[in-house]
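Asker: 3D model of this:
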Amino acid sequence: MYIRKSSRTYKGRTYSNYLLVESVLTPKGPRQKILCSLGDMSPRPKEEWLALARKLEAALVGQAELLSEGPPDTELQALVSKVKGASREKRPGPSAAATAPRAETAAGVVAVDPERVEVEQCREAGPVHVGYQFWRRLKLDEILTRLGFEERQRTLSCALVLNRLIRPGSELAMPDWVRSTALADLLETSFEELNEDVLYRHLDKLHGKRAEIEAALAERERDLFQLDPTLFFYDVTSTYFEGRALSNPQAKRGYSRDGRPQCKQVLVGLAVNRDGFPLAHEVFAGNRHDSTTVKEMLEALDRRVGLKAGQTVVVDRGMWGEETQQALGERGLHYVMAERQTERDQWLEEFEDAEGFEEVMRHPSPRNPFQKKTTIRVKMRRLGEQTHVLCLSSEREQKDRAIRELHEKRLVADLEKLLRRVAQGGKRAEPKKVLESMGRLKERYPRVARYYRMEYDAEAKAFQYSLDEEKRTRAEKLDGSYLLKTDRTDLTADEVWRIYILLTRAEAAFRDMKSPLGERPIFHHKAGRVESHVFLCVLAYHLLISIEKTLLDQGVHTSWATVRETLKTHQVCTVVLPTQQGPVLRIRKASTPEPAQREIYHKLKVPTQVIRPTRTWSEA
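Answerer: As a prediction, this is how the structure comes out:
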């Protein structure tokens, strides 16, 4: 309950009126209800209006000020009488039972029947409260307003993104989730009529504004978190479809990072900055090679954040090619990248020579404080205009050896199967099919197939294979080694290596988008809605990384998943207080946050009060 000033001008003269207003809960969400007019008198100085409104509210429900001293407040009593008189005029012929709770009793309190007190409409509030606060902190409402989105469209956008952040699901399941949370209380709207058709249409609306929203978000986050604009990290992942996806020309079969080669897929390219904040993303056909996407991503980055000569792009070994080198050169951009294994093999003698290596320590990443410290040895060699950094990792050596031995075991098993198949003859032993099988084995096991010789005599219909011991020994010596290269000459070997390992920020973004944010699998079949689905995941990741970055800046090393789990028991409920006289008082408010929840709110600089309490009266 509060006092609001209302003014209007008539014939050149301004008239002021003071209204007593109460927030009430309606089927369409919280609304303002005018209880009565207080006339053209100023009740008290403006800074005392809130205190006066609270006293009025207490008096109207029969609460007495236990510690009040001095003579009665005649002004307050006069206003109470005025409000009660206005209430009687608006509700003709009320029963005695209906007015009893609003009248002061002899004891100055409202008598509540404790046997009938209930709590109803409990809704999960903690996660949506934090998500909505960061939605506002990133000024997404302002961004959407500038792009022509109306209030209801902005509300739907917020609901879609928070659903993806907190409990990702299909558009069919989302309305039920929204109604199970306190989102309607936070946004002061109703979701009772929300259905999947409305959400599909809104996805189509969002689709055309993806680039503008990303550009505005990148600018806002750069200012809010003081982010470094000189380094970009680009990586590609795949996301598979459930179904045939016949109406999407981008849905193709290709190299699957999800272990689902039988499913059609699309590629998602994502560029992030040093702190892991997304700068731009693009969706590509599922059968494209990673290196063919770099030029398009650079164009997207230029449109979103603006590329300048001298900035550095960091990519993995699969991105390099003549087209990539040309695209970077045309824009005057530097690069740091890992070289392919075939190029690394040419540096075997340098790797075997221990002279020139220096040790650097890899500390746990901010997002994974429990990661072990590891020691890496690096050595720099300049060759022409390029700087090469040789890296040796004892941990990676064990991993490389285990992977290589596993692949070799599987390759030998498949070679034995092919050997028996050719010996048995039949249609599957025809020369064409045998050669195809040999090609597939080389493609499936590139790490180890290079030191196995496969020979097929079509005339004799004989197949045999043999191991090249020299090549395998050479491969064993290179376990745990990798080679980096850059065109920058102002960096040490340590600095080149530390810049390259930040590429894991892009990999972490993909992990978050795929698992907690539910990017995969894709059930949409239309190309536009597939892109909108990926875009929603990117927007949710903006909120996720902003939340985790805020915690990191406070020295808290935890994930959004942990925060979400901790906050889910903080709820908004309606407390039902039946009076002994008959009418029922309902108070809609949030529960008291637990200490762990309060600590999270404090670290995130989020208010602990989820909503302002509202009171409504109803008949028994």
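
Asker: this protein - how does it break down into domains?
Answerer: 2-102, 228-339+503-545, 347-487 (automatic domain parsing).

Asker: which one of these has the most crowded surroundings?
Answerer: Burial of these is given as mean neighbour count (mean count of other CB atoms under 10 Å); domain 228-339+503-545 ranks first at a mean of 19. C-beta: built from backbone N, CA, C; applies to glycine.

Asker: quick one: the helices in the stretch 201-350 of the chain?
Answerer: 210-225, 294-304, 322-331, 341-345, 348-352 (DSSP state H, counting those that start in this stretch).

Asker: now for the second one, which elements pack on it?
Answerer: Helix 294-304 sits against helix 210-225, strand 231-240, strand 265-272, strand 278-285, helix 322-331, with contacts defined as 3 or more CB pairs under 8 Å, 6 or more residues apart in numbering; DSSP states H and E.

Asker: okay, now the sheet partners of the second one, with direction.
Answerer: Read that as strand 231-240. strand 265-272 (antiparallel), strand 312-315 (parallel) (DSSP bridges).

Asker: what's the offset of the last one from the middle of its chain?
Answerer: Same thing as strand 312-315. 23 Å (CA atoms, centre = their mean, to the nearest Å).

Asker: cool, the first one as well?
Answerer: Per CA atoms, centre = their mean, the displacement of strand 265-272 from the mean C-alpha position of its chain is 15 Å.

Asker: over to stretch 475-492?
Answerer: With CA atoms, centre = their mean, you get 33 Å for stretch 475-492.

Asker: measure it end to end?
Answerer: 28 Å (CA to CA, to the nearest Å).

Asker: model confidence over that stretch, on average?
Answerer: Averaged across stretch 475-492, pLDDT comes to 91.

Asker: thought residue 128 was touching residue 182?
Answerer: Yes: the pair residue 128 / residue 182 is scored as a contact, 6.0 Å apart, by CB atoms under 8 Å.

Asker: quick one: which of the helices of the stretch 201-350 of the chain is nearest residue 31?
Answerer: Using CB to CB as the measure, helix 210-225 is the one of the helices of the stretch 201-350 of the chain that comes nearest residue 31, at 30.6 Å.

Asker: that closest one packs against which elements?
Answerer: Using 3+ CB pairs under 8 Å, 6+ apart, helix 210-225 is in contact with helix 140-146, strand 278-285, helix 294-304, helix 527-553.

Asker: dump those to JSON lines, plus distance to residue 158 and mean pLDDT.
Answerer: As requested, the helices and strands packed on helix 210-225 are exported to JSON lines (distance: least, CB to CB, whole Å; pLDDT from 0 to 100):
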{"stretch": "helix 140-146", "distance to residue 158": "7", "mean pLDDT": "96"}
{"stretch": "strand 278-285", "distance to residue 158": "18", "mean pLDDT": "96"}
{"stretch": "helix 294-304", "distance to residue 158": "22", "mean pLDDT": "94"}
{"stretch": "helix 527-553", "distance to residue 158": "10", "mean pLDDT": "95"}
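
Asker: and the ones you listed as a markdown table, adding distance to residue 124?
Answerer: Converted to a markdown table, the helices and strands packed on helix 210-225 look like this (distance: least, CB to CB, whole Å):
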| stretch | distance to residue 124 |
| --- | --- |
| helix 140-146 | 21 |
| strand 278-285 | 27 |
| helix 294-304 | 34 |
| helix 527-553 | 17 |
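
Asker: out of those, which gets nearest to residue 202?
Answerer: Ranking the helices and strands packed on helix 210-225 by proximity to residue 202 (CB to CB) places helix 527-553 first, at 8.9 Å.

Asker: how far does that closest one sit from the chain's center?
Answerer: So, by CA atoms, centre = their mean, the centroid of helix 527-553 is 3 Å from its chain's centroid.

Asker: got the angle for it vs helix 210-225?
Answerer: 0 degrees (axes from the mean of the first three to the mean of the last three CA atoms, to 10 degrees).

Asker: what sits up against the helix or strand following helix 527-553?
Answerer: Sequence order places helix 560-567 as the next helix or strand after helix 527-553, per DSSP states H and E. Here helix 560-567 makes contact (CB atoms under 8 Å, 6 or more residues apart in numbering) with 126-127, 129-130, 165-166, 512, 516, 544, 547-548, 551, 596-597, 600.

Asker: how does it look with 6 Å?
Answerer: Outside helix 560-567, the residues within contact range by CB atoms under 6 Å, 6 or more residues apart in numbering are 126, 127, 516, 544, 547, 548, 596, 597, 600.

Asker: mind checking which of the residues you listed are buried?
Answerer: Buried subset of the contacts of helix 560-567 (neighbour count, 16 or more other CB atoms under 10 Å): 126, 127, 516, 544, 547, 548, 597, 600.

Asker: now for those: which two are most distant?
Answerer: Farthest pair in the buried ones among the contacts of helix 560-567, by CB to CB: 516 and 597, 19.6 Å.

Asker: A strand includes residue 380, no?
Answerer: Yes: Residue 380 sits within a strand when classified using DSSP: H, G, I helix; E, B strand; the rest coil.

Asker: from residue 478, how far out is the residue nearest to it when sequence neighbours are not counted?
Answerer: Nearest non-adjacent residue to residue 380, counting by CB to CB, 6 or more residues apart in numbering: residue 493, 3.9 Å away. Residue 493 sits 18 Å away from residue 478, going by CB to CB, to the nearest Å.

Asker: ok, now residue 608?
Answerer: Using CB to CB, residue 608 is found at 56 Å from residue 478.

Asker: thinking again about what came up before, adding distance to residue 420, write the helices and strands packed on helix 294-304 out as a markdown table.
Answerer: Formatted as a markdown table, the helices and strands packed on helix 294-304 follow (distance: least, CB to CB, whole Å):
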| stretch | distance to residue 420 |
| --- | --- |
| helix 210-225 | 53 |
| strand 231-240 | 33 |
| strand 265-272 | 33 |
| strand 278-285 | 38 |
| helix 322-331 | 43 |
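
Asker: among these, which is nearest residue 459?
Answerer: Nearest to residue 459, of all the helices and strands packed on helix 294-304, is helix 322-331, at 40.1 Å by CB to CB.

Asker: now that closest one - C-alpha only, PDB.
Answerer: Output of helix 322-331 as PDB, limited to C-alpha atoms (Å, rounded to 0.1, in the frame of the first residue of the first chain):
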ATOM      1  CA  GLU A 322      45.000 -21.400 -47.500                       C
ATOM      2  CA  GLU A 323      41.600 -19.800 -47.300                       C
ATOM      3  CA  THR A 324      42.000 -19.100 -43.600                       C
ATOM      4  CA  GLN A 325      45.500 -17.700 -44.000                       C
ATOM      5  CA  GLN A 326      44.300 -15.400 -46.800                       C
ATOM      6  CA  ALA A 327      41.200 -14.200 -44.800                       C
ATOM      7  CA  LEU A 328      43.400 -13.300 -41.800                       C
ATOM      8  CA  GLY A 329      46.000 -11.600 -44.000                       C
ATOM      9  CA  GLU A 330      43.400  -9.400 -45.800                       C
ATOM     10  CA  ARG A 331      42.200  -8.000 -42.500                       C
END
